[in-house]
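Sequence first, then the predicted structure, then my questions.
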Number of protein chains: 4
Amino acid sequence: MVKVGIIGSTGYAGQELVRILLGHKDAEIVWYGSRSYIDKDYSEVYGNMFQIVDAKCMDDNMEELADKADVIFTATPQGLCASLVNEDVLSKCKIVDLSADFRIKDVATYEKWYGIEHKSPEFIEEAVYGLCEINREDIKKARLIANPGCYTTCSILSLYPLVKEKMVDVNTIIVDAKSGTSGAGRGAKVANLFCEVNESFKAYGVASHRHTPEIEEQLGYAYEGNPLLINFTPHLVPMNRGILATSYANLTGKYSYEDIKAVYEKYYKDEYFIRLLNKGVCPETRWVEGSNFVDINFVVDERTNRVVVMGAIDNLVKGAAGQAVQNMNLIMGLDEMEGLKMPPMFP
Amino acid sequence: MVKVGIIGSTGYAGQELVRILLGHKDAEIVWYGSRSYIDKDYSEVYGNMFQIVDAKCMDDNMEELADKADVIFTATPQGLCASLVNEDVLSKCKIVDLSADFRIKDVATYEKWYGIEHKSPEFIEEAVYGLCEINREDIKKARLIANPGCYTTCSILSLYPLVKEKMVDVNTIIVDAKSGTSGAGRGAKVANLFCEVNESFKAYGVASHRHTPEIEEQLGYAYEGNPLLINFTPHLVPMNRGILATSYANLTGKYSYEDIKAVYEKYYKDEYFIRLLNKGVCPETRWVEGSNFVDINFVVDERTNRVVVMGAIDNLVKGAAGQAVQNMNLIMGLDEMEGLKMPPMFP
Amino acid sequence: MVKVGIIGSTGYAGQELVRILLGHKDAEIVWYGSRSYIDKDYSEVYGNMFQIVDAKCMDDNMEELADKADVIFTATPQGLCASLVNEDVLSKCKIVDLSADFRIKDVATYEKWYGIEHKSPEFIEEAVYGLCEINREDIKKARLIANPGCYTTCSILSLYPLVKEKMVDVNTIIVDAKSGTSGAGRGAKVANLFCEVNESFKAYGVASHRHTPEIEEQLGYAYEGNPLLINFTPHLVPMNRGILATSYANLTGKYSYEDIKAVYEKYYKDEYFIRLLNKGVCPETRWVEGSNFVDINFVVDERTNRVVVMGAIDNLVKGAAGQAVQNMNLIMGLDEMEGLKMPPMFP
Amino acid sequence: MVKVGIIGSTGYAGQELVRILLGHKDAEIVWYGSRSYIDKDYSEVYGNMFQIVDAKCMDDNMEELADKADVIFTATPQGLCASLVNEDVLSKCKIVDLSADFRIKDVATYEKWYGIEHKSPEFIEEAVYGLCEINREDIKKARLIANPGCYTTCSILSLYPLVKEKMVDVNTIIVDAKSGTSGAGRGAKVANLFCEVNESFKAYGVASHRHTPEIEEQLGYAYEGNPLLINFTPHLVPMNRGILATSYANLTGKYSYEDIKAVYEKYYKDEYFIRLLNKGVCPETRWVEGSNFVDINFVVDERTNRVVVMGAIDNLVKGAAGQAVQNMNLIMGLDEMEGLKMPPMFP
């Protein structure tokens, strides 16, 4: 039984980790970390867990936790994991960091986009970017996993085969993404009140959202390591869960639907969590809600010779907690899908 | 492995049966019935099941199904189950009927409130009302289960101990209930369009809703078999899932919070799916979403000497498919909770 | 042109006052008070008012405001108006207080339910409860109006004729009310975040909500001044605007639908803002959204000899800002309906 | 007083025409056309209009209507207006057609994208495309107005100055648009049920939506009449009203924020209904809800040398009924803004 500690267990992603791990037959949560609710019953913070989780919230003590847990998840704001991790901790247990601290290899890029100093750059090199379908083998050997961002997971997975196979002009990539409001976190802000979000739609972070360099870096690796620049625009949707990323790119030749489909199948045919939809079916976030699936499809626009790619995920599952558990399964040598095969819940 | 057939598998309750049974280790669905979608892939109707369910929709052939299945669920409009059931079918397999056909013992009452003729009154007597926490032992021996209605499950379970122990004046019971829109079904009606339901709230079926006699009959049994009349008012909430029933009744004496709490514990202390919340905590539908839980709490109003009882369920789970599976587990001798322990999903 | 000052113009009710007054041909806003946003452009706080309102937010200076305005609206938390009002201010201008400070005649009752000390009890007696359809003539002569609460407006207006005419047993009155989330205000609280409210339904303040004594006092006046006690339960609906109050009471005799309809018509037939719906039509909040209407209807339940009354309002209009403007029109001798005849907006 | 007839008054756009015209001091509705509800009270179909509109629904008789009305609005499915209009009708009254019948000058293009035969191509030439801010002078002289589509209004107005001034490479334009569900109409379809739309997000009509050629044609006129091709992708948002269009294009030079702002001001500075937001403020649909405003802003992405333009409208107002009334005002010589200055309603 893998012993799991969660730092930041009372955020939305943290609570989703709890929900998923409760259904995991080889893992057991031994530490519900939450600096904001120390000593409070976890089920007072999340009433869904009443009579299911019988534990109190604990402080963010990674040293102590490293002695108790085999795997630590950090579902915390940027900077916290980097400030707590050290060689001693990593020698005792594995870390899956759900924040951005170890996602970007270039410290300067991280510090510029995030506006904070990186407290442990010495671990960036060894950290593995935990996009399981792409980096599976490296993940299995890692001690420190940088769990991908929600928008980035959706964007990268939906574009990866096209970039890898050079079927699109990488300098024309535009990702127009839309997320449910749980992506904004559980902080008490006027902008996220029900009446402010409900019945409205907006873009935010235009040309400045932090997931931009993360997508660019990973797509760059797919593009033989060459740098590329994209436009990425996130939007806020009045719903709880779900991300849809609609991406556009110029095709590098005259490709048919079948040509492109073949490339997606080349990379994803055997991936359980990636569902390539039937021709003509557009991904919808409701069909992946509560699950670890990524639904992908595309349309070739012969008029403009562009491809329009759509990817849908549940931002809290494949975009956060689900992928984190998938990473845990890989680094601990468990069945990669354990705890993650729940079907999407609808409606 | 229990072989299960579902007649009406493409309604919301039918699809929820599918979702739950996919996580049930001792059951297997062998028949996805849906008269509206015969020969269509089930996953074309419900995209969440893409690459999970590989089956086509079948006609409503109960005779054929009885040869193939150990248990048949009928998640169909009123009247259909009664028109299909017969001794031959019941001799071969068990039936859990999610419609109202066998819930009401008095045929005249059924025919009056439902406005249709009952086609197989001869089976009403043997049918067991499948409210598991109340009728567990009878259910275990039954061939034909009348699975309770969504509103009724919530209303009866939240009032049962008070009526049973005569702590309330049964002639003062008022149930003001509120349901998410999935309770209205998947039929294409203007009244249930997104723009008609969203951003609005209304009562309907005032003093005439069909769940009224069902609640009265069951509470009457709890009241030593004496008849009683209540007011029941359902309301439509702009959300997908969930029922909250707020009930009012005059207390028959001066009872303290502790007095009443003791009575709830007497009946429900060992019931896994019934959660008696801590003092002062109001049930909220979000905390039971996707689960088989019933959350119950109450407030004693000393000013008026009334008790206000609140119960919350997921109408598609404890109010329909979850309870149906709980009934199946009981009649098939399986662990009552198998397939039903998923924690509520939030947000 | 009536000069209007608004203290608390950046709350939801304050902003609704602005929206309504912009369409009022005899009034002009001269003061946008908002302690939280002093010196900030009003249209930065409410983007809908960009290029419509060209003003900065001002401090809560009632003395200064009294010199500039003919009418002051206080759309502020409980206690503020009582702490600012004095004889000098009232000698210069009229006040319409949207808080609860002057609604309850008995100071002890106010202080008990609101938990704060009343700072100017000397003005309670002269304050007129601004329920226009009931107290019209008194309002016309008032200097200080206690604008009714949202739940109370809906509850009182829907029950008033029945109580006045003694057609119901006043000791059996139960009001089960449901409100959109704008009623919770614009404060940054976790409980009011989108993901916490959306897709959920709950009761709150059970047997303890502050609107209870207000309803009781006003219905008591209708009942020849005799005290009465009711049960009042508010619920939170995942929508922006709207209140539906479902009320129950035992009838004092055998009354037909027509008997009761006649009584409603007796009191409300000529009231523009009260719409008595056709038989069988249930009020829905969507049909009053954005308007000053109160939609009322009822059902006689012959089985239990109870009446079920339903009332629907827009909590920000008839439940707050609209009624406040109606009061202003009355005290300033303007057409009572000026600025308030906008039809409900749907969808 | 202008006499107005509405064919299709019970669709969402038709009802919005009613709402707006009720506040128009120079217009009066004389015909509430609705083939589906002939002889039914209009206020039975739309409860918000109870005691406001006292009229029955009429058949689609354009001949008779032409004798009674000065202006006819056709808020009907594609093809109907073209099948009813003739020289006799046009000689008696003006027509504002809210369908697509007269928007596209090339009949073949219309017939290809809409899949129906055009029944009166002889009037296409004279019809004026009613985008008021662009074609104001032509509109004033017209008999037949092709009222623009909702997506197109938003898309064209937000891109027009950039195309007109050749600041963007027109072959790189991508419009990613998102609409509230009222845009899908009031037809009873499973896909538009509350539970199907709520809590989900999807694209539809990818590379095939009918508003594509309309945007291309109008932007082509702005581009000195040269043809251009764009990508246009509509998405469905779980909210009632509102469109946000996020557009991308490569800049043709190194333009600063101020350069581009100057161009927007050149064209829109004096347009009341177009609000150019302050730097850094993203348009949000909530800020235009219920109003005729178009909120526009943009971000220059120096990294990619693209401009990201955002436009927000209320699809039922500026995207349909509001613009139709604006057109009516122009063709009838009334104040262009009459009836249309209502501030946006929030929340």
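Noted; the coordinates are in hand.

and the host helix or strand of A:Thr233, anywhere near chain B?
Following DSSP states H and E, one finds A:Thr233 within strand A:231-236. No - with C-beta under 8 Å from any C-beta of the partner chain as the criterion, chain B is not reached by strand A:231-236; the gap is at least 14.6 Å. Where you see a C-beta, it was placed from the backbone N, CA and C, and this is true even at glycine.

and the next helix or strand after that strand, how far from the chain's centre?
Heading C-terminal from strand A:231-236, the first helix or strand you meet, by DSSP H and E, is strand A:243-250. Offset of strand A:243-250 from its chain centre (C-alpha atoms, centre = their mean, to the nearest Å): 17 Å.

Residues contacting the following helix or strand past strand A:243-250, please?
As assigned by DSSP H and E, the chain's next helix or strand after strand A:243-250 is helix A:257-268. With contacts defined as C-beta atoms under 8 Å, 6 or more residues apart in numbering or on different chains, helix A:257-268 is touched by A:133, A:160-162, A:164-165, A:167, A:274, A:276, A:279, A:296, A:298, A:300, A:307.

who touches A:His209 in this structure?
By C-beta under 8 Å, 6+ apart, the neighbours of A:His209 are A:151, A:232-234.

Make JSON lines from those and add pLDDT and distance to B:Ser179 to it.
Listed next are these as JSON lines, based on pLDDT from 0 to 100; distance: C-beta to C-beta, whole Å:
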{"residue": "A:Tyr151", "pLDDT": "98", "distance to B:Ser179": "35"}
{"residue": "A:Phe232", "pLDDT": "98", "distance to B:Ser179": "40"}
{"residue": "A:Thr233", "pLDDT": "98", "distance to B:Ser179": "38"}
{"residue": "A:Pro234", "pLDDT": "98", "distance to B:Ser179": "34"}
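
The strand holding A:Thr233 versus strand D:231-236: what angle between them?
20 degrees (axes from the mean of the first three to the mean of the last three C-alpha atoms, to 10 degrees).

Where do the helices of the stretch 101-250 of chain A begin and end?
A:107-114, A:132-140, A:150-164, A:194-197, A:211-222 (DSSP state H, counting those that start in this stretch).

quick one, which of the ones you listed is nearest to B:Glu224?
Within the helices of the stretch 101-250 of chain A, the stretch nearest B:Glu224 is helix A:194-197; the backing value is 46.1 Å (C-beta to C-beta).

The contacts of A:His209: which two are farthest apart?
A:Tyr151 and A:Thr233 (10.1 Å).

Common neighbours of the two, please.
Joint contacts of A:Tyr151 and A:Thr233 (C-beta under 8 Å, 6+ apart) are A:175, A:177, A:209.

right, and the second one touches A:Pro234 too?
Going back to what we said before, that points to A:Ala177. Yes - using C-beta atoms under 8 Å, A:Ala177 is in contact with A:Pro234, at 5.1 Å.

Name the residues contacting each of those two.
Residues touching both A:Ala177 and A:Pro234 by C-beta under 8 Å, 6+ apart: A:Tyr151.

that older thread, so which of the helices of the stretch 101-250 of chain A is nearest chain D?
helix A:194-197 (3.9 Å; C-beta to the nearest C-beta).

do the closest one and chain C meet?
Yes - residues of helix A:194-197 are located near chain C by C-beta under 8 Å from any C-beta, namely A:194-197.

can you list the residues of chain A near chain C?
A:12, A:181-182, A:186, A:188-190, A:192-199, A:238-240.

Now with 7 Å, please.
A:12, A:181-182, A:186, A:188-190, A:192-195, A:197-199, A:240 (C-beta under 7 Å from any C-beta of the partner chain).

same for chain D: which of these are within range?
Answer for those near chain D (C-beta under 7 Å from any C-beta): A:195, A:199, A:240.

so who does the first one touch?
Taking C-beta atoms under 7 Å, 6 or more residues apart in numbering or on different chains, we find A:Cys195 in contact with C:12, C:181-182, C:240, D:347.

follow-up on the earlier one: sitting in strands, which of the shared contacts of A:Tyr151 and A:Thr233 do you find?
Using DSSP state E, the subset of the shared contacts of A:Tyr151 and A:Thr233 located in strands is A:175, A:177.

Turn the shared contacts of A:Tyr151 and A:Thr233 into a markdown table, including pLDDT and distance to D:Gly47.
Formatted as a markdown table, the shared contacts of A:Tyr151 and A:Thr233 follow (pLDDT from 0 to 100; distance: C-beta to C-beta, whole Å):
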| residue | pLDDT | distance to D:Gly47 |
| --- | --- | --- |
| A:Val175 | 98 | 43 |
| A:Ala177 | 98 | 39 |
| A:His209 | 97 | 43 |
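
just the shared contacts of A:Tyr151 and A:Thr233 now: which is nearest chain C?
A:Ala177 (18.2 Å).
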